[in-house]
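Engineer: A structural model of the following input is requested.
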Amino acid sequence: MAFWIDGDRQNPLRLKSFSSSGTSSGKSTIKITLETSDPWALGDALRGLAEVQRSQNDKQEPKRRLALPAPEEH
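Structural biologist: Next comes the predicted model:
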């Protein structure tokens, strides 16, 4: 049995396997193995995944507000 990404049989990426595991901290990990014989599809998938990773790493931490004394009135 094969599973095609997006349900499209023309898509060269196919789901080969997947698994999951949990930790005591409550987080879970999903591992997905995709298969392709098309080097262009491989490159496109890797670029897309790199973009996702980059956007997750680029999240800026909220700026901390400094506790400053109230301005003096003149």
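Engineer: low-scoring pLDDT stretches of the protein, where are they?
Structural biologist: Low-confidence segments of the chain, defined by pLDDT under 70: 1-8, 60-64, 74.
Engineer: Please enumerate the strands of the chain.
Structural biologist: 3-4, 14-22, 28-35 (DSSP state E).
Engineer: okay if I get those strands as a markdown table plus mean neighbour count and distance to residue 58?
Structural biologist: Bear in mind the C-beta positions are built from the backbone N, C-alpha and C, glycine included. Shown next, in a markdown table, are the strands of the chain (neighbours: other CB atoms under 10 Å; distance: least, CB to CB, whole Å):
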| stretch | mean neighbour count | distance to residue 58 |
| --- | --- | --- |
| strand 3-4 | 12 | 31 |
| strand 14-22 | 11 | 27 |
| strand 28-35 | 10 | 22 |
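Engineer: want to try TSV for these, with distance to residue 72 as columns?
Structural biologist: Below are these laid out as TSV (distance: least, CB to CB, whole Å):
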stretch	distance to residue 72
strand 3-4	68
strand 14-22	56
strand 28-35	54
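Engineer: Mind checking those for the one nearest to residue 53?
Structural biologist: Closest approach to residue 53 among the strands of the chain (CB to CB): strand 28-35, 14.5 Å.
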